[in-house]
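*Asks:* Build me a model:
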Amino acid sequence: MTRENQRQAFAKHLFLSEIEYQSQFAAKAAERLVTCDQRDPIEIWSAVQSILIASANVSKILWPSRERFAPRGAMLRALLDIDDSNALSDRTLRNHFEHYDERIDDWISSTHSSVYVDQIIGPPPGFLRQFPQNTQRGYDPSTQTVTFRGESLNLASMLRALDDIRQKCHLIVQL
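*Replies:* Okay, the predicted model is just below:
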C-alpha cells in the first residue's frame, strides 16, 4: 500500500468514526428527550438542539458545503450506500436553529406584527397555526416533530437515518 493510499484509508477511518461518534451524541440526546421532565423547557430544548447539531455534523461530513470537499462526501456516501434523498441531506430546519440570530433579524425587518411566539412545547394552539411566520421554534413530543415558522422535521426519522448510517460505519470500521 502506498503512502497516499494509507493516508486516504486513515482519513476514511477518521470520518467514519466521527459519524459514529456524532450519531451516538444524537442517540444520547434522544434518550434524554424521552426521559426528561416534560415541564422543563431547558432540558427539552437542550436535547432537541443536541440532536440537531449532531445530525448537522454528520450531514456536513457527507454533504460538505464547500466544493473542495465534495469528493470526500461523494466517496463516503458511495461507501455507505447513501443517496441524496436521505433525511440528513437537508439541513434547512437545523440551519434555522444554528442561525437563529439571523432569523430574528429577518423577522424584525420583514414583519409589522408584534406577535412573536417561541419555544412551544406540545402541539401549537389552533390560533397559532394561522400565523406560522410568527411562531418560531416548536417541539411536539407526541409526534417528535420540531417546527420553525411552519417548516417541520420529524426527529424520529432523523434519528433512524443516523442510526442506519452509524451501523454501516461501525461495520466498515470494524473490518
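
*Asks:* now stretch 160-174, how far from the centre of its chain.
*Replies:* Between the centre of stretch 160-174 and the centre of its host chain there is 16 Å, according to Cα atoms, centre = their mean, to the nearest Å.

*Asks:* buried set for that stretch?
*Replies:* 161-162, 164-166, 168-169 (16 or more other Cβ atoms under 10 Å). C-beta coordinates here come from the backbone N, C-alpha and C atoms, glycine included.

*Asks:* Name the nearest of the residues you listed relative to Gln6.
*Replies:* Checking the buried residues of stretch 160-174 against Gln6 with Cβ to Cβ, the nearest one is Cys169 at 19.8 Å.

*Asks:* what's around Met158, how many residues?
*Replies:* For Met158, the neighbour count with other Cβ atoms under 10 Å is 26.

*Asks:* swap in Ala56?
*Replies:* For Ala56, using other Cβ under 10 Å, the count is 19.

*Asks:* Going forward, the N-terminal residue is numbered 323.
*Replies:* Okay, residue one is now 323; in that scheme the one you just asked about reads as Ala378.

*Asks:* What distance do you get for it to Leu410?
*Replies:* Distance check for Ala378 against Leu410: by Cβ to Cβ, to the nearest Å, it reads 9 Å.

*Asks:* same question, Gln371
*Replies:* Relative to Leu410, Gln371 is positioned 16 Å away (criterion: Cβ to Cβ).

*Asks:* And Pro463, by the same measure?
*Replies:* Between Pro463 and Leu410 the distance is 22 Å, computed by Cβ to Cβ.

*Asks:* Which secondary structure element is home to Ala348?
*Replies:* Ala348 belongs to helix 325-357 when assigned by DSSP states H and E.

*Asks:* ugh, wrong one, Gln489
*Replies:* With secondary structure defined by DSSP H and E, Gln489 is part of helix 477-495.

*Asks:* ok so Ser407 is a helix residue?
*Replies:* No: counting by DSSP: H, G, I helix; E, B strand; the rest coil, Ser407 falls outside a helix, being coil.

*Asks:* Tally up the residues packed near it, please.
*Replies:* A count of nearby residues for Ser407, using other Cβ under 10 Å, gives 7.
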